[in-house]
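Enquirer: Have a look; sequence and predicted model below, questions after that.
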Amino acid sequence: MEELLSMTDEQLVSGYSNGNNLAFDILLDRHKQAVYTYIYFTVHNRELAEDIFQETFIKAIVTIKQGRYTETGKFRAWISRIAHNLIIDHFRQKKNENTVSNDEATVDLLNNPLLCDGTIEDEIVRLQITSDIRKLISFLPDSQREVLEMRYYQDLSFKEIAEQTGVSINTALGRMRYAILNMRRMAEEYDIVLTM
């Protein structure tokens, strides 16, 4: 085992193609975090990321077992390229499934969300996003929360906010900027998705 751990990726690929399954386990352990992270941050969906991650390594296994691996010295780049291509394939397929043609019409009636009734799922997602935003706002410093609430919930201009809070317009703008940056940071940190 110690000997395998000190091997290069290429030596492990060679060992796996010659029947040493443990060699592939080490390759997987060595690269799984980087590959999964890349996939997840591209697709923003855990289940989809796991599916594509599994497909990536299955494709790698098949390619190596068939003796078609030729990327000497570039295993990580190769496995990442497989993942990238599978992501592209997924989105192409999804796009094709969702395409509806109404070329003859002068107005696009089929794909206009303003003319469609929202689904119950859309409403649930919208309510969840609203709830998440309110929670994030509650964690902001008082000065940032005050400006954000005045701007978005009371629909005040930055001039009005500055007058009511007794600060300059630049200070009000700065507080708003930091409020948004802090909310984005918290959303990323706690894996909260704020879009539909």
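Expert: Structure's in. What do you need?
Enquirer: hmm, which helix or strand of this structure has the shakiest average pLDDT?
Expert: helix 120-138 (a mean of 83; mean pLDDT, DSSP states H and E).
Enquirer: tell me which residues in that helix are buried?
Expert: Buried residues in helix 120-138, counting neighbours by 16 or more other CB atoms under 10 Å, are found at 132-133, 136-137. All C-beta atoms are positioned from the backbone trio N, CA, C, and that covers glycine.
Enquirer: and Q93, how many neighbours?
Expert: 10 (other CB atoms under 10 Å).
Enquirer: got it, and A172?
Expert: The burial count for A172: 25, using other CB under 10 Å.
Enquirer: ok, it to L156 distance?
Expert: Distance, A172 to L156, by CB to CB, to the nearest Å: 10 Å.
Enquirer: same deal with D122?
Expert: 29 Å.
Enquirer: Nearest the geometric middle of the chain, what residue?
Expert: H44 (2.6 Å; CA atoms, centre = their mean).
Enquirer: thought that residue was touching D191?
Expert: No: using CB atoms under 8 Å, H44 is not in contact with D191, being 9.7 Å away.
Enquirer: tell me, what's touching those two both at once?
Expert: Here H44 and D191 share no contacting residue, scored by CB atoms under 8 Å, 6 or more residues apart in numbering.
Enquirer: picking that back up, and of the buried residues of helix 120-138, the nearest to R184?
Expert: Distance to R184, by CB to CB, is smallest for L136 among the buried residues of helix 120-138, at 9.1 Å.
Enquirer: residue contacts, that closest one?
Expert: With CB under 8 Å, 6+ apart, L136 has these contacts: 183, 186-187, 192.
Enquirer: most neighbours, which of those?
Expert: For those, neighbours tallied by other CB under 10 Å; top is M183, 20 neighbours.
Enquirer: average pLDDT across stretch 1-9?
Expert: Regarding stretch 1-9, the rounded mean pLDDT is 88.
Enquirer: for it, the distance to its chain's centre please.
Expert: Between the centre of stretch 1-9 and the centre of its chain there are 33 Å (CA atoms, centre = their mean, to the nearest Å).
Enquirer: Stretch 79-94 now?
Expert: In terms of CA atoms, centre = their mean, the centre of stretch 79-94 is set 14 Å apart from its chain centre.
Enquirer: Thanks a lot, catch you later.
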